[in-house]
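Q: Return a 3D structure for these sequence lines:
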Amino acid sequence: MRPFDSVILIEDLSDMLRAGTEGAIVDAYANVDDVFIVELFDRDGKTLDVVDVRADQMTVTLADFVAGERIALLADIPTHKLLRGQVGVIQKRVGVGLYQIEFAELGDNPPVSLILHAGQMMLLHWQPAQT
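A: Sure, this is the predicted structure:
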C-alpha cells in the first residue's frame, strides 16, 4: 500500500466510516509501519473524513503505478505470447488504472508494448524514499 492507491475499508472505524467505505491513501508515515493517512468518500465522492487507517483495516482496490516501475503479469496474455509472472516496465499512465507497459524481447519474440489495467499486474518491489 502506498499513496494514491484506491482502498476500501474492510472493518468499521466509526458509525460514519463503515466497512465498504471507499477512499484513497493520502500519505504513509515514515516512522510508523502499516498505518496510512486515508481520505474516505461517500457515494457522491464527497470527503467524509481524513483518518489514520491500519493496513489490516483496508484493502487496495486499485493500485497506482508510476513510470519506470517493474511489474509482473498476474495472468497469461496469449495474444502477445506473454506469460503469468513475466516482467515489464511501466512507460506511462494512460488513464485511470491504465498503463502502457513494455516487455523486453524473449527468444524469437520481439519487444511488446501494450496497455494493461492495474488489476492485471503486481508491483515487483517498492520501498519508500529515505528521508
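
Q: Give me the secondary structure label for Gly88.
A: Using DSSP: H, G, I helix; E, B strand; the rest coil, the structure places Gly88 in strand.

Q: Next one: it relative to Val96, how far apart?
A: Distance, Gly88 to Val96, using C-beta to C-beta, to the nearest Å: 19 Å. In short, each C-beta sits where N, CA and C put it, glycine included.

Q: same question, Val38
A: 19 Å.

Q: out of those two, which sits in the more crowded spot?
A: In this view Val38 and Val96 are compared by other C-beta atoms under 10 Å, and Val38 has more residues nearby, 26 against 10.

Q: Contact partners for that one?
A: Taking C-beta atoms under 8 Å, 6 or more residues apart in numbering as the criterion, Val38 is in contact with 7, 23-26, 50-53, 58.

Q: Name only those of these that count as buried.
A: For those, a burial check counting by 16 or more other C-beta atoms under 10 Å picks out 7, 23-25, 51, 53, 58.

Q: Nearest to Lys81, out of these: which one, please.
A: Nearest to Lys81 among the buried ones among the contacts of Val38, counting by C-beta to C-beta, is Val7 at 34.1 Å.
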